[in-house]
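Novice: mind looking at a prediction? Sequence and model below.
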Amino acid sequence: MGLASERENKTEHEHDEMGGGERDGAGEMLRDLARTTARDVDRAAHLAHHERLPRGRVLTRGLALATIYALSLVALILLAVAAHAHTLLPFDLPFSRELQEHPTPTVSAFLAFISAPGYFPYAEIIEVVCVLALVLLRLRLEAIFLLATALADALGALIKVLVNRQRPSASLVHVAQHLNSPSFPSGHTLHYTVFYGFLAFVLITSFRASWWRNVLVAICFALIVLVGISRVYLGEHWLTDVLGGYLLGGLFLLPVVALYLWARAHLNSATLRPLPHPARPE
């Protein structure tokens, strides 16, 4: 009977030790879990902090861009009102005469060549060729938006009628070609800014860097910059007409680019959306 009692006490002691060990093991596991959870929380907080910074920068840049856009719109409206009320604005005549002071056949031919793609039918032919090229390269969305830039020309024509400003007179400056349409804003400058601006954007974002891409982008930017000088040098527009064309072109181009990026992002997300899993047979 004493031996049986000893065995019972020994068994109870072993159970107590095992229970204590299990409790110690469970406690250690809980402590490890707590430490791991704390590290995860710290890491998540750290990542959340760093994710907020880019959002802040994006908001700041967005606000700055919206401010610039609003100021440009106000400047365009004020310029249009002034052009409607006055045929000549300050700096228009002095700038034109200074630019035309020493004409040369080479410069005249070069700037006439710069303006040529903006006339009918060359502008339409170039646009159709570029759109078809993008379609053949399977850039259909880009082709649609490039074709949509023609709406800027329609908007410019409407503003021309509303402002109804006379073109430069041959009695004041040298006029290479007499045109009957109103002067403000410069249609060439508007067309080049929107069409060649978006074309350059497509080339930069859709094609890898190469010598031919860089050449085409440089040509686009050169045309945008030189067309303003060309229109004043040839006596087709005043300086303020050109500034109006650049302002309106930029104001039109920015929403086109933003809408294109939105459409491309949504099309890509729809294309990359995972397929639904097939239903399991019951």
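Specialist: It's in.

Novice: okay, buried residues for the one helix or strand Ile219 maps to please.
Specialist: Using DSSP states H and E, the element containing Ile219 is helix 211-233. Going by neighbour count (16 or more other C-beta atoms under 10 Å), the buried part of helix 211-233 is Leu216, Val217, Cys220, Leu223, Ile224, Leu226, Val227, Gly228, Ser230, Arg231, Val232, Tyr233. In this view, the C-beta of every residue, glycine as well, is placed from N, C-alpha and C.

Novice: from memory the first one sits against Phe201, does it?
Specialist: The one in question is Leu216. No: the pair Leu216 / Phe201 is not scored as a contact, 11.9 Å apart, by C-beta atoms under 8 Å.

Novice: hmm, back to that, tell me the mean pLDDT over the helix holding Ile219?
Specialist: Here helix 211-233 scores 96 as its mean pLDDT.

Novice: helices and strands around it, which ones?
Specialist: helix 92-99, helix 105-115, helix 187-191, helix 197-206, helix 239-271 (3 or more C-beta pairs under 8 Å, 6 or more residues apart in numbering; DSSP states H and E).

Novice: return the most buried member of those helices.
Specialist: The highest mean neighbour count among the helices and strands packed on helix 211-233, using mean count of other C-beta atoms under 10 Å, belongs to helix 187-191: a mean of 27.

Novice: pull the CA atoms of it into CSV?
Specialist: The C-alpha trace of helix 187-191 is given here as CSV (Å, rounded to 0.1, in the frame of the first residue of the first chain):
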residue,chain,number,x,y,z
GLY,A,187,-4.3,79.0,-85.2
HIS,A,188,-0.9,77.7,-86.2
THR,A,189,0.5,78.1,-82.7
LEU,A,190,-2.6,76.5,-81.1
HIS,A,191,-2.5,73.5,-83.5
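
Novice: next one: it to chain centre, how far?
Specialist: Offset of helix 187-191 from its chain centre (C-alpha atoms, centre = their mean, to the nearest Å): 19 Å.

Novice: again, but for stretch 147-158
Specialist: Remark: stretch 147-158 is offset 18 Å from the chain centroid, using C-alpha atoms, centre = their mean.

Novice: just name the shakiest helix or strand of the protein by mean pLDDT.
Specialist: Lowest by mean pLDDT, DSSP states H and E among the helices and strands of the chain is helix 2-85, with a mean of 63.

Novice: how about the closest residue to Tyr192 other than its chain neighbours, what does it touch?
Specialist: Residue nearest to Tyr192 in three dimensions, not counting chain neighbours: Val227, with 4.6 Å by C-beta to C-beta, 6 or more residues apart in numbering. Val227 makes contact with Ile114, Ser115, Gly118, His188, Thr189, Tyr192, according to C-beta atoms under 8 Å, 6 or more residues apart in numbering.
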